[in-house]
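Student: take this sequence and fold it.
(one chain, ligands or ions: 1)
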Amino acid sequence: MLHWIDTHAHLQDEAFASDYDAVIARAQAVGVKKIVLPACNEKDQHRVLELCAEYSTTCYAALGLHPGEVGEDFEQQLAEIQRTLEKQGAIAIGEIGLDAFHYQDSLDKQLLVFEQQLEWAKYYNLPVLIHARNTIDLVLAKLETREFRSVTGVLHAFEGTLEQLARTMKNDNLMVGIGGLATFKNGLKEDVLRALDLSRTVMETDSPYLAPTPHRGKRNEPAYIPVTGTRLAEVRALPLDAVAQSTTTAALQLFRGVIA
Ligand SMILES: [Zn+2]
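Tutor: I've put the predicted structure just below:
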């Protein structure tokens, strides 16, 4: 059976409150053996950790403050997340990043919060899961600085152009995360899909968001990973198992074998 890893699924979302047993069983049934759950703020991290304890051989926690969750009291939010990180551990810092699409007004604060969490990544030696919405160049510039060049991570839900993909790949510590956007007519461009270095591409759903076509608009779940994988296989004229193998190897590398 094919072996996949969903590197980004918010199973802590209330969309899954009533049936996460079934959701995880369906994922397992199609070969999605491991699922990474990125927290978004100081509150939902507790649910993330609960689920990861309950499904300890399947689910793995990432902790961080999402750019859309940055509040007036962000210093307190960060302190709370860092306390949890020290106490419980995590396999990555995430979801972190910059969003100039939905949250343009808080971009200054987002930058401070992003930098602080990049410092954590260095200090705790963990990869980062990055949300870069209309901010890819800004995020890449930050990761190209001497201060943060050593940080490893993934640009999740990659939405960039061919040029931005090339710039991302120039930083050998970075990978891209591919999900439902790759299946949308108006989503990720085919030339970008064709140019992906599959040894530095990881699969993700971003559940419950961004369900791939033909499930678009419905709740997304980890079991849909092979739908996006199939799209990638078609565009690249590769067998599905080659896509599964490359992207799973990349994910294991991203998380340094912690989720093997
Ligand atoms: Zn996300």
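Student: contacts for the helix or strand where Leu155 lies, please.
Tutor: Assessed by DSSP states H and E, Leu155 sits inside strand 153-156. Taking contacts as CB atoms under 8 Å, 6 or more residues apart in numbering, the residues outside strand 153-156 that touch it are 7-8, 92, 94-95, 97, 121, 127-132, 136, 139, 143, 168, 173-177, 202, 204, 206, 254. C-beta here means a position set from N, CA and C on the backbone, and glycine is covered the same way.
Student: in it, what counts as buried?
Tutor: Judged by neighbour count (16 or more other CB atoms under 10 Å), strand 153-156 contains these buried residues: 153-156.
Student: which strands and helices sit next to the helix or strand just after that strand?
Tutor: For strand 153-156, the succeeding helix or strand toward the C-terminus, using DSSP H and E, is helix 162-170. When contacts are defined as 3 or more CB pairs under 8 Å, 6 or more residues apart in numbering; DSSP states H and E, helix 162-170 packs onto helix 136-143, strand 174-178, helix 190-195.
Student: contacts for helix 162-170, please.
Tutor: For helix 162-170, contacts defined as CB under 8 Å, 6+ apart pick out 136-137, 140, 155, 158, 160, 174, 176, 189, 191-192, 195-197, 200.
Student: what residues does the stretch 101-250 of the chain put near the ion?
Tutor: Where proximity means CB under 5 Å from the ion, the interface of the stretch 101-250 of the chain facing the ion comprises Asp206.
Student: please enumerate the strands of the stretch 101-250 of the chain.
Tutor: Ranges of strands within the stretch 101-250 of the chain are 128-133, 153-156, 174-178, 201-203, based on DSSP state E, counting those that start in this stretch.
Student: residue of the stretch 101-250 of the chain closest to the ion, please.
Tutor: Evaluated by CB to the ion, the stretch 101-250 of the chain has Asp206 as its residue closest to the ion, separated by 4.8 Å.
Student: remind me which residues of the protein are low pLDDT?
Tutor: 260 (pLDDT under 70).
Student: break down this structure into its helices, ranges please.
Tutor: In the chain, the helices defined using DSSP state H lie at 20-29, 44-54, 74-88, 107-124, 136-143, 162-170, 190-195, 225-236, 240-254.
Student: what's the closest of those helices to Gly68?
Tutor: Smallest distance to Gly68 across those (CB to CB): 8.8 Å, for helix 107-124.
Student: contacts for the closest one?
Tutor: Taking contacts as CB under 8 Å, 6+ apart, the residues outside helix 107-124 that touch it are 64-65, 67, 70, 74, 78, 82, 85, 93, 96-100, 103, 126-128, 139, 142-143, 147-148, 150-153.
Student: likewise stretch 179-193?
Tutor: Contacts of stretch 179-193 from elsewhere in the structure, counted by CB under 8 Å, 6+ apart, are 8, 157-162, 165, 178, 203-206, 209-213, 216, 220, 224, 227-228, 231-232, 235-236.
Student: buried ones in it, by neighbour count?
Tutor: Buried-residue list, stretch 179-193, by 16+ other CB under 10 Å: 179-183, 187-189, 192-193.
Student: understood, closing this out.
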